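Asker: could you work out the structure for the sequence below:
(4 chains)
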Amino acid sequence: MIHAWPAVVLATCLIGIGAYGVLARRNAVLVLIGVELILNGANVLFVASGATVSVPSTAGSVLPLFIITIAAAEVVVALAVVLLAFRASGIDVTEKS
Amino acid sequence: MTALDVALVGFGLLALAGALLAVTTRHIVHAALWLVVALGSLAGVYLVLGAEIVALVQLLVYVGAIVVLVLFALMVTRSPIGPSRDHATSPAHRGVAAVIAAGLVALLLAVLLPIAGSGAVTRQVTSNRALGADLFGTWAWPFELLSLLLLASLVAALAIARSRAVTGKEDA
Amino acid sequence: MTAYVVLGGVVLAGILLVVVALLARWMLAPNAPIPATLRTYESGVDPVGTGWAQVHVRYLAYAFLYVIFAVDAVFLFPWAYVLRDAHLGVASLVEMGIFVGVLVVGLAHTARRGLLHWT
Amino acid sequence: MGAAMSVWEVVLRSVAVLAAFLVLPLLVGFMEHKVMAHMQARLGPMYAGGFHGWAQLIADAAKFVQKDDLLPTAADKGVFRLAPSLALIPYLVALAVVPLSPSIVGADAPASAVVVLAATAVGVLGGLMAGWASANKYSLLGGLRSAAQLIAYELPMVLAVASVALAAGTLSLTGIATEWRPWWLLWQLPAAFVFLAGGCAEIQRPPFDMPLADSEIVFGPYTEYSGLRFALFLLAEYAGIVLMSLLMSVMFLGAWHGPWSGPLGWLWTILKAVPIAFLFLWFRNSWPRLREDQLQRFAWLVLVPLALVQLLITAVGVVMMR
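Answerer: Numbering: from 1, shown residues only, chains lettered A, B, ... in the order given. Prediction:
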């Protein structure tokens, strides 16, 4: 037996914290961290509803998998852009390793 | 409170603490590491909620791949040890952000809590077999589309990361 | 899912191991640091600048590749349960073939653009 | 494993896993001392403990505990302190789900094969954190190399594990070993090769030890570590050899399948793991280090395509035989 509301509160707070991170940060990577928290809040909601509905359903597990995939694609492109911006700011990041 | 509830609340509090520190710390690399704490505890939350595959994928992909990529990006750009003031926003800015975030939380709670209900229900454990059957049956088309999305983002990211336009030189 | 309770116990045991080991060190080991031993080690030469140095962006290309393929690999796991299924088996083989095939195009593209060759 | 498990059983299982985690790496470490010595026409340790220096590593541990544990001034103290545990504990978790026989297993998780992969993926952070927090250029470079290498070789390993999981139709290591048939030795041979190479790179042993590369970057992410914290990293490396050998044995060599496998199954699993551990030691003595870019190219252009071909062979095989 489990209660649904703690998971809902957790998801909501994660989304709130993520939103704060997006709004209050200026570094692009830190903004990205906020976005990840929001996406995870959504995942918690999906998994929690999958676990507490009366009829068994797998959507609560499939959709988080999709979200994680989309998050991966989003992070890859976002970080490429961040890197480009960093190079554009005139700092040479091509120093030999 | 049942044993599952206790476990859920425990992991949840840990996740919230990690998330809060991730968005407030002044150490840039620490922010990514606190994100690891948050994401790892969320894997625990998913386990408590009976979603085994999601929990393991969270660790494998989110912690093992996405956060590592973020750390890479931080380390090839600028990530000195110690607090960094370059990116700090003003207290007023942060205050406004906090108010908006709190409003968002209140709004979502007002909508979602009544739906969640307050009684204890039986936990549904997602069977890995049923998950596979639905993924390749019901969700086949979105699944295929995801491969195109991944291809597009890979090609785009490599093109951006290697664009000559900015540095004017090609190295590698 | 009870197995995961044991895994939780194992993680606690691991933390306990580290704590006990460090406690033993705290009791047994001397602690007499001098500035020279606490300085960053750079092969006996005086350290230059701070510890942070910019390193090559090329490492990022590998990380990009890995993230993309790691999520691809995720879908292989549920597939293991489906492949023997009488209805979905062949269909899932075709679906997975297309999915992986699209990503292999990405890998081929990366290799063709020479990202895996250093000069 | 029953649905209800008493607290005592959980404690007992955790302690048993911890004991195995502490003893087996020592055995492998001692084996390395001796094997390496004899391959180089030496005797290796001969004094500690009397008989052929069997207690050498215990003596080493006692020495490590008594050494001054330096914390560089410039380092990020918290992360620096935490990194060794983060490198060590994932291997402990992974070891807990590896079965020695159908009944002897620390935690029989339904998707234990994925648990192993998830644990090793988290372990990547240990080296990266150590490298960054040391405030040392060699360390940072080593940490980045280490993470780049681990993620590059994690992928072929995931694909190889997926191949046997497909063949067995389950994600449980116990299930995979139960379904194993002798002809899988041939059917899953490419996957076994990919897993062996990936495993060797995963534990950063020569010829895949670029992150440490003592002649180029001192000792990579561990440059600034001394005393006990350094010993924890070493323990993680040898625990890695144990883990990879046992996994090879369970997934590709049939684990407890063999004569008298009923009562002696666990012995078969271990006996099959020993030659694999020997291979890891042999590699170290025979092969020079690869170059950083050769390493990445080998992973992406040899192992990954090979593993994908293996996946195709496995999948078509499963569908045909259904």
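
Asker: so the residue nearest the centre of chain B, which state does it fall into?
Answerer: With distances taken as CA atoms, centre = their mean, chain B has residue B:39 as the residue nearest its mean C-alpha position (6.0 Å). At residue B:39, secondary structure determined by DSSP: H, G, I helix; E, B strand; the rest coil is helix.

Asker: how close does the spatially closest residue to it that is not a sequence neighbour get to residue A:71?
Answerer: In this structure, residue B:39 finds its nearest non-sequential neighbour in residue B:62, 4.9 Å apart by CB to CB, 6 or more residues apart in numbering or on different chains. For the C-beta atoms, the positions are set from N, CA and C on the backbone; glycine is no exception. Here the criterion is CB to CB, to the nearest Å. By it, residue B:62 lies 8 Å from residue A:71.

Asker: those two - which one has more neighbours?
Answerer: More neighbours surround residue B:62 than the other of residue B:62 and residue A:71, with 28 against 23 (other CB atoms under 10 Å in any protein chain shown).

Asker: where's the more buried one relative to residue B:162, distance?
Answerer: Separation of residue B:62 from residue B:162 (CB to CB): 26 Å.

Asker: ditto for residue C:75
Answerer: As defined by CB to CB, residue C:75 lies at a distance of 28 Å from residue B:162.

Asker: and for the residue lying closest to residue B:17 once chain neighbours are set aside, the neighbour number?
Answerer: In this structure, residue B:17 finds its nearest non-sequential neighbour in residue B:37, 7.5 Å apart by CB to CB, 6+ apart. Under the neighbour criterion other CB under 10 Å, residue B:37 is assigned a count of 17.

Asker: next: the one 3 residues further on.
Answerer: Counted with other CB under 10 Å, the neighbours of residue B:40 add up to 21.

Asker: so it makes contact with residue B:64?
Answerer: No - Residue B:40 is not in contact with residue B:64 according to CB atoms under 8 Å; the separation is 10.6 Å.

Asker: identify the contacts common to the two.
Answerer: Shared contacts of residue B:40 and residue B:64, defined by CB atoms under 8 Å, 6 or more residues apart in numbering or on different chains, are found at residue D:122.

Asker: all strands of chain B, in order?
Answerer: The residue ranges that make up the strands of chain B, judged by DSSP state E, are B:120-121.

Asker: hmm, back to that, can you list residues touching both of residue B:62 and residue A:71?
Answerer: Counting by CB under 8 Å, 6+ apart, the common neighbours of residue B:62 and residue A:71 are residue A:36.

Asker: for residue D:21, see how far away the residue most central in space within chain A is.
Answerer: In chain A, the centroid-proximal residue (CA atoms, centre = their mean) is residue A:36; its distance is 2.0 Å. Summarising the geometry, the distance separating residue A:36 from residue D:21, computed by CB to CB, is 32 Å.

Asker: which intervals of the chain have sub-threshold pLDDT?
Answerer: Because you didn't say which chain, this covers chain A. Low-confidence segments of chain A, defined by pLDDT under 70: A:89-97.

Asker: I was after chain D.
Answerer: Where chain D drops to pLDDT under 70, the residues are D:1-4, D:209-218, D:292.

Asker: relative to chain A, which residue of it is the closest?
Answerer: When distances are taken as CB to the nearest CB, chain D reaches nearest to chain A at residue D:141, 6.4 Å away.

Asker: buried set for the one helix or strand that residue maps to?
Answerer: Residue D:141 belongs to helix D:137-168 when elements are defined using DSSP states H and E. Under the neighbour-count criterion of 16 or more other CB atoms under 10 Å in any protein chain shown, helix D:137-168 has D:137-168 buried.

Asker: over to stretch A:74-89?
Answerer: Going by neighbour count (16+ other CB under 10 Å), the buried part of stretch A:74-89 is A:74-80, A:82-84, A:86-87.

Asker: filter the residues you listed by proximity to chain C?
Answerer: Intersecting the buried residues of stretch A:74-89 with the surroundings of chain C, defined as CB under 8 Å from any CB of the partner chain, gives A:75-76, A:79-80, A:83.

Asker: possible to save those as CSV with secondary structure and distance to chain B?
Answerer: Conversion of these to CSV gives the following (DSSP: H, G, I helix; E, B strand; the rest coil; distance: CB to the nearest CB, whole Å):
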residue, secondary structure, distance to chain B
A:75, helix, 5
A:76, helix, 5
A:79, helix, 4
A:80, helix, 4
A:83, helix, 6
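
Asker: which one of these is nearest to chain D?
Answerer: For chain D, the nearest member of those is residue A:76. The distance, counting by CB to the nearest CB, is 13.1 Å.

Asker: wait, residue D:26 touches residue D:59, no?
Answerer: No - when contacts are counted by CB under 8 Å, residue D:26 is not listed as touching residue D:59 (11.3 Å).

Asker: higher neighbour count, these two?
Answerer: When neighbours are counted by other CB under 10 Å, residue D:26 comes out ahead of the other of residue D:26 and residue D:59, with 19 against 14.

Asker: number of nearby residues for the closest residue to that one other than its chain neighbours?
Answerer: Distances taken as CB to CB, 6+ apart place residue D:57 nearest to residue D:26, at 5.0 Å, with adjacent residues excluded. Residue D:57: 23 surrounding residues under other CB under 10 Å.

Asker: buried residues in the particular helix or strand that has residue D:57 in it, which are they?
Answerer: The secondary structure element spanning residue D:57 is helix D:56-65 (assigned by DSSP H and E). For helix D:56-65, the buried set under the neighbour-count rule, 16+ other CB under 10 Å, comprises D:56-57, D:60-61, D:64-65.
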